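A.B. asks: here is a sequence together with a model predicted from it:
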Amino acid sequence: MARKNELDKVGRWNCHACKSSFNVLPDTIMQKTKIPLQTWFLAIGAKMTSPPQRAAASNVAAG
């Protein structure tokens with residue numbers, strides 16, 4: 001696989017085996033954003049490595 005030329009569509013990749021191009025973003029949370037992938041991955045990594053947050057008792061609705 002190789003990235004397409006910079007003059008072509010951004011985010012498109014070429015498969016040398018089948019000679020087709022594809023995009024890795026469809027059907028993801030990153031599909032229609034202008035946020036760079038590096039920023040997405042940094043945010044996801046930060047979220048995954050942060051300690052879990054607990055809900056305060058005063059914020060939990062009485063059921």
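C.D. replies: Looks like it came in fine.
A.B. asks: list the contacts of stretch 33-41.
C.D. replies: For stretch 33-41, the external contacting residues (CB atoms under 8 Å, 6 or more residues apart in numbering) are Ile29, Met30. Glycine gets a C-beta too; all of them are placed from N, C-alpha and C.
A.B. asks: now it - C-alpha only, PDB.
C.D. replies: The C-alpha trace of stretch 33-41 is given here as PDB (Å, rounded to 0.1, in the frame of the first residue of the first chain):
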ATOM      1  CA  THR A  33     -14.300  16.300  10.300                       C
ATOM      2  CA  LYS A  34     -11.400  18.500   9.300                       C
ATOM      3  CA  ILE A  35      -9.500  17.500  12.500                       C
ATOM      4  CA  PRO A  36      -6.200  15.800  11.500                       C
ATOM      5  CA  LEU A  37      -5.900  12.100  12.300                       C
ATOM      6  CA  GLN A  38      -2.900  12.700  14.600                       C
ATOM      7  CA  THR A  39      -5.100  15.000  16.800                       C
ATOM      8  CA  TRP A  40      -7.800  12.300  16.900                       C
ATOM      9  CA  PHE A  41      -5.400   9.600  18.000                       C
END
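A.B. asks: wasn't Met48 part of a helix?
C.D. replies: Yes. The assignment for Met48, made by DSSP: H, G, I helix; E, B strand; the rest coil, places it in a helix.
A.B. asks: what about it, distance to Gln31?
C.D. replies: As defined by CB to CB, to the nearest Å, Met48 lies at a distance of 21 Å from Gln31.
A.B. asks: how about Ser20?
C.D. replies: Taking CB to CB as the measure, Ser20 and Gln31 are separated by 20 Å.
A.B. asks: next: Phe41.
C.D. replies: Between Phe41 and Gln31 the distance is 15 Å, computed by CB to CB.
A.B. asks: burial of Gln53, as a residue count?
C.D. replies: A total of 6 residues lie near Gln53 under the criterion other CB atoms under 10 Å.
A.B. asks: sorry, slip of the keys, the one I care about is Trp40.
C.D. replies: The number of residues packed near Trp40 is 15, by other CB under 10 Å.
A.B. asks: same question, the one 5 residues further on
C.D. replies: For Gly45, the neighbour count with other CB under 10 Å is 10.
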